[in-house]
Structure formats: C-alpha cells, structure tokens
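Visitor: Return a 3D structure for these sequence lines:
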Amino acid sequence: MRRSWRTPTGPSGRSSANPCAARAMRRAVAADRFSRLRAMARRSHDPGRAVNRIAGRPFTCRIDSAQGTMPGLEHGDVAGGRMFRTDLSRANSLVQLAGRARRVTPWYIAPFVAVLVFGGLAQFTDLFGYKPPKDMPGATLWGGLVQFLAPHAARPVVVWLKGISDRTYTMWIGPFFMLIGFGIAWLLLYLWVRLVEWRPFHTIGLGLHRAGVSLLIGVLLALFMTSAVMVGLMIGGQLQPRIAAPGTTGAVAMAGITFMLVAFTVQASSEEALYRGFLMSVMSYRAGLAAGIGVSTLLFALAHSRNHGFDALAGFNLVLFALFAALLSLRTGSIWAACAWHTVWNWSIANLWGLAISGHPPDGGSIMAWDSKGLNLWTGGDWGPEGGLAATIVLAIGTLALFFWRGLGEPVAKGVHA
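Guide: A predicted model of the protein is given here:
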C-alpha cells in the first residue's frame, strides 16, 4: 500500500505524529489560502477586502491588490493594527476605518445615505409639500418634519416662548429646533453604521487616539481664523459696532450664549460625522481619495445652497470650508479636530462677534455686537462674513497649509506603497 506523507490526526484535528510533516502541511494550506485571497482581491470591485470561507468560518484579510501583500506586517503594524497614517492616500487611517465594516456601503449608495440622514438639507422640505412657517423655523430637514408631523406639539412651545417675550423667542426657538433636528441626524447615522454596516460607531473617526490634541487644534484654528477675518474687516473699515437690544449681549446673555455653544456642537459635529467621518471615508475607501473629498465637498456645499443670502462667492467659500474640514480630518486621522473647528467657527461668528452665520441671524445673544457696513463682496452681506472675500483669503491660506502639513501621523518612508 502506498504511504502518504500526511499523518493521522486525533479528535482535535491536530497531528498525532511526524510534527515536521504537519508543519509543512499547515504552511502549504496557508500559502494556498493567501494565493486565493490575493486572486479574489484582484477580481473584486472592493480590492482592499477579500473574504474566504474556510472550514465554515469567514476568514477576512486586508490585501494590497497592486502588490499582492498584506499591508501592515511590513509597514510597522503592532498587534494586528495598522500604523497611524495621516498622509493623503487611501492608506490614511481615517479612510481605512471604513474597512472595519462587515458590509461597506457601496460608493453609489453612500451619497444618498448622506442626503437622507443629514438634517442640513432642511431647505428641501418643500419636496414633502411643506415649508416651515417663518415663526416656526426648522433648522434641519428632520426638525421640519418634526414640526410637520407634530404641529400640535410644536405650536405650544412657540406660543409659550412668544408669550414670554419676542426676545426670549428669538434667543431660544432656533437652538431648540436645531437640537431636535441634528440630534435625530446623529441617531440615524448611528443606526446606519451599527445596523447596516455592522461596525463600531467610533470608526467614523471618533476614536480616542490623540483626540485631546485634535480638539485643541480645532478650537485654536477656529478662533485664530475667525479673528483674522474680523480683524481684516475692521482694518478695512467694513465693520462697525451696533447697539444691541437690552439683554442680548454681554454677561446677561451668557445663558443663551452657552446654550448656543451646545447647539452648535451638536449641529456642527453631526455634519462632520456625516460628511467627513462617513461619506468621505466610505467614498475614499471604495473609489479613491479624490472621489471621497470631491463628493463630500459637493454635497456639503449643496446642502447649504438654499440658505438666505447664498451667492456664487458664498458657494465658493463653502467649497473651501469643506476642503479645509476634509484635509483637517485626514491630517489628524479623526474628525475630532474638524468637529471642534466647525463648532467654534460657527459659534464665534454668531455668538462671539454677533454676526450672521450661513444666512442665519445670531440666536441666543452674543458677547459683542458688530454690524457690516461695507461692500457685500468683503462682508458677505446677508450670508455673513464667511461669504465674503476676507473669509475666502483666510480659508484658502488655511487649506494650502493643511495640504503641505504632514499631520499627526507617523512618517511614511519613501517607496512605501500607499
């Protein structure tokens, strides 16, 4: 009888004799598994991920389809994790987090998810045959739907606040619906990531690695950039102090100012989570970094295009704003810095300087009170300072600086495949 080099196995499946032959067999099986995975990755529409079912269990492996290697083992991975990369490539740590999903959202579906989830498309509530009345402002699509579906619940709140005083209504009604609308947007995004994609929610860029440093960077950048815009307008004679209504500025308005900081935190961070944390990372993972940045930037600009006071320059600045937020997220490897920067940018313009923000008058009061008196080309007119040339210059310089900044990640050696 012909003898086989394979050795008999026990009940556990382990070889009971000839350990050298058993090791050779395991190496052969592993090599065959990897070759099949590499072939699947090259044929797949999702080349970064290949799944092979062996022995009834899914075996998942990250594969570089161009090099046919398992990236990370030769690039400094520790304990099975990828090195922290903030270079502008598909190997960026924020982009690679999308691969943690069991079912990564297809590139042609991700934009529709963003449109449906993001409350900032509130301007399109007329698609449902409904436009929020002027005395019931809906900050988001979902805030408008809340008003539409439950008018009897929302109307008493409006009447009650107006009954106290018009000033109370103006200071609190906007933040009230902002929290409702963008809070629901957060919930919908969470449900999609957890129940549809099956991945941890922190993989949209909310991991704790260097979160504190990223938050500090975002806050300082926002304060510096908005101050640069305002100081530039003052030097050019485009701003002048205004006399504010009693109780809307200074220490007496701190309750409303603080509440607006909370509201802007929910609003701005939900936009960053959706556009940069979800849409940009998924699109970049599926179709490349240029597609991820481009699609997320375009949809972000369109989402704000029907705000009051929108014009061509405001639209261009929205594109610069989105590009800056995208590069800031990629260069820090998370969305913490972008969330902080977006939040403080909105809050400082509206509640620190007392000017309009994206076509919305400041709610909740302000620490200072200024008014634009110069050319709309510089001041942004009804859109606010972020729609003028002063903001264009600051955002353009900031975007270029981020493009050339190496970021918070580990340096990548030249010649390493991205």
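Visitor: Would you map the strands across the stretch 101-250 of the chain?
Guide: Applying DSSP state E, counting those that start in this stretch to the stretch 101-250 of the chain gives strands spanning 239-241.
Visitor: low-scoring stretches of it, by residue?
Guide: 119-171, 247 (pLDDT under 70).
Visitor: one more time with 50
Guide: Scanning the stretch 101-250 of the chain for pLDDT under 50 picks out 120-139, 149-151.
Visitor: what about the helices in it?
Guide: Along the stretch 101-250 of the chain, the segments classed as helices by DSSP state H, counting those that start in this stretch run 110-117, 141-149, 151-164, 166-191, 211-235.
Visitor: if I look at Val319, how far off is Asn351?
Guide: Between Val319 and Asn351 the computed distance is 25 Å (CB to CB, to the nearest Å). (Glycine included, C-beta is placed from N, CA and C.)
Visitor: between those two, which one's more packed in?
Guide: A count of neighbours by other CB atoms under 10 Å puts Asn351 above the other of Val319 and Asn351, at 27 against 16.
Visitor: these two touch, right, the more buried one and Thr258?
Guide: No - the pair Asn351 / Thr258 is not scored as a contact, 9.0 Å apart, by CB atoms under 8 Å.
Visitor: Tell me which residues of stretch 313-329 come out buried.
Guide: Along stretch 313-329, these residues count as buried under the neighbour rule (16 or more other CB atoms under 10 Å): 313-315, 317-329.
Visitor: Setting aside sequence neighbours, what's the nearest residue to Arg103?
Guide: Glu197 (5.6 Å; CB to CB, 6 or more residues apart in numbering).
Visitor: give the contact list for that neighbour.
Guide: Listed by CB atoms under 8 Å, 6 or more residues apart in numbering, the contact set of Glu197 reads Ala101, Arg102, Arg103, Val104, Thr105.
Visitor: burial of the fourth one, as a residue count?
Guide: Residues within reach of Val104, counting by other CB under 10 Å, total 20.
Visitor: Equivalent analysis for the first one, please.
Guide: Neighbouring residues of Ala101 were enumerated by other CB under 10 Å; the total is 18.
Visitor: which residues are contacting stretch 95-114?
Guide: With CB under 8 Å, 6+ apart as the test, stretch 95-114 has contacts from 46, 48-49, 62, 82, 85, 90, 192-193, 196-200, 203-205, 207, 274-275, 278-279, 281-287, 289, 291-292, 295-296, 299, 330.
Visitor: can we see that at 7 Å?
Guide: Stretch 95-114 is contacted from outside by 46, 48-49, 62, 82, 192, 196-200, 203, 205, 274-275, 279, 281-287, 289, 295, 299, using CB atoms under 7 Å, 6 or more residues apart in numbering.
Visitor: which parts of it are buried?
Guide: Neighbour-count burial for stretch 95-114 flags 95-99, 101, 104-105, 107, 110-111, 113-114 (criterion: 16+ other CB under 10 Å).
Visitor: with these in mind, which one is nearest to Arg26?
Guide: Arg26 lies nearest to Gly99 out of the buried residues of stretch 95-114, by CB to CB, at 27.2 Å.
Visitor: Alpha carbons only: can I get stretch 314-324 in CSV?
Guide: What follows is stretch 314-324, C-alpha atoms only, in CSV (Å, rounded to 0.1, in the frame of the first residue of the first chain):
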residue,chain,number,x,y,z
ALA,A,314,-20.7,82.1,-0.7
GLY,A,315,-20.8,78.8,-2.6
PHE,A,316,-17.1,79.0,-3.4
ASN,A,317,-16.3,79.6,0.3
LEU,A,318,-18.5,76.6,1.2
VAL,A,319,-16.3,74.5,-1.1
LEU,A,320,-13.1,75.9,0.6
PHE,A,321,-14.7,75.3,4.0
ALA,A,322,-15.5,71.7,3.2
LEU,A,323,-12.0,71.2,1.7
PHE,A,324,-10.4,72.6,4.8
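Visitor: what is the mean pLDDT for it?
Guide: Averaging pLDDT along stretch 314-324 yields 97.
Visitor: For the stretch 301-418 of the chain, which segments count as strands?
Guide: For the stretch 301-418 of the chain, the strands defined by DSSP E, counting those that start in this stretch cover 370-372.
Visitor: which residues in it form helices?
Guide: 312-332, 336-347, 376-379, 389-404.
Visitor: and those helices, which one's lowest on average pLDDT?
Guide: Lowest mean pLDDT within the helices of the stretch 301-418 of the chain: helix 376-379, at a mean of 92.
Visitor: Going by neighbour count, which residues of that one are buried?
Guide: Buried, per 16+ other CB under 10 Å, within helix 376-379: Asn376, Trp378, Thr379.
Visitor: Among those, find me the one that's closest to Phe403.
Guide: In terms of CB to CB, no member of the buried residues of helix 376-379 lies closer to Phe403 than Trp378, at 25.4 Å.
Visitor: separation between that closest one and Ser329?
Guide: Going from Trp378 to Ser329 by CB to CB gives 29 Å.
Visitor: cool, and Glu386?
Guide: Distance from Glu386 to Ser329, by CB to CB: 19 Å.
Visitor: quick one on the thing from earlier: if we only consider the buried residues of stretch 95-114, which is nearest to Leu221?
Guide: Comparing the buried residues of stretch 95-114 against Leu221 with CB to CB places Val95 closest, at 21.8 Å.
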